[in-house]
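> here is my input; please provide its structure:
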Amino acid sequence: MSIAEFVRAHHPDGIFCFSDYIAYDAFCLFESLGIRVPDEVSIIGFADEPLSDISRPRISTVHQPAELVGNAQQKFSSGTFSIPTTRPSLQKCCLPN
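This is a model prediction of the structure:
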């Protein structure tokens, strides 16, 4: 079954993509099928790539702090990575209705 056949058969109301580039491809697919984004389907990408800002409509994305991920990977690889024993403080954010 192709992705287009899956979309036609299941009518998803939202998808989460592992990258902003895949999210953009999904946006193009939905558009080609006559499905309006974000009116009929929501798309969320991952990594906060510049593409998410220039597409219209803009792609919602999860920010991935690449420098922090790289630093953690370097520490992990060198054996100096340690798991924190305390929980980080949470920040609360209220979105408008």
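> which parts of this structure are helices?
Assigned by DSSP state H, the helices in the chain fall at 3-10, 20-32, 51-54, 66-78.
> what comes into contact with the shortest one?
Residues lying outside helix 51-54 but in contact with it, judged by CB atoms under 8 Å, 6 or more residues apart in numbering, are 20, 21, 23, 24, 45, 58, 59, 60, 61. For the C-beta atoms, the positions are set from N, CA and C on the backbone; glycine is no exception.
> let me have the helices of the chain in a markdown table, extended by distance to residue 87, mean neighbour count and mean pLDDT.
Putting the helices of the chain into a markdown table (distance: least, CB to CB, whole Å; neighbours: other CB atoms under 10 Å; pLDDT from 0 to 100) gives the following:
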| stretch | distance to residue 87 | mean neighbour count | mean pLDDT |
| --- | --- | --- | --- |
| helix 3-10 | 38 | 11 | 88 |
| helix 20-32 | 29 | 17 | 93 |
| helix 51-54 | 29 | 15 | 85 |
| helix 66-78 | 17 | 10 | 84 |
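> which among those is found nearest to residue 40?
Nearest of these to residue 40, taken as CB to CB: helix 20-32 at 7.7 Å.
> about what we covered before: can you put the helices of the chain in TSV and add distance to residue 84?
Compiled in TSV, those are given as follows (distance: least, CB to CB, whole Å):
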stretch	distance to residue 84
helix 3-10	40
helix 20-32	29
helix 51-54	30
helix 66-78	11
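> which residues does residue 29 contact?
Applying CB under 8 Å, 6+ apart, one finds that residue 29 lies in contact with 3, 4, 7.
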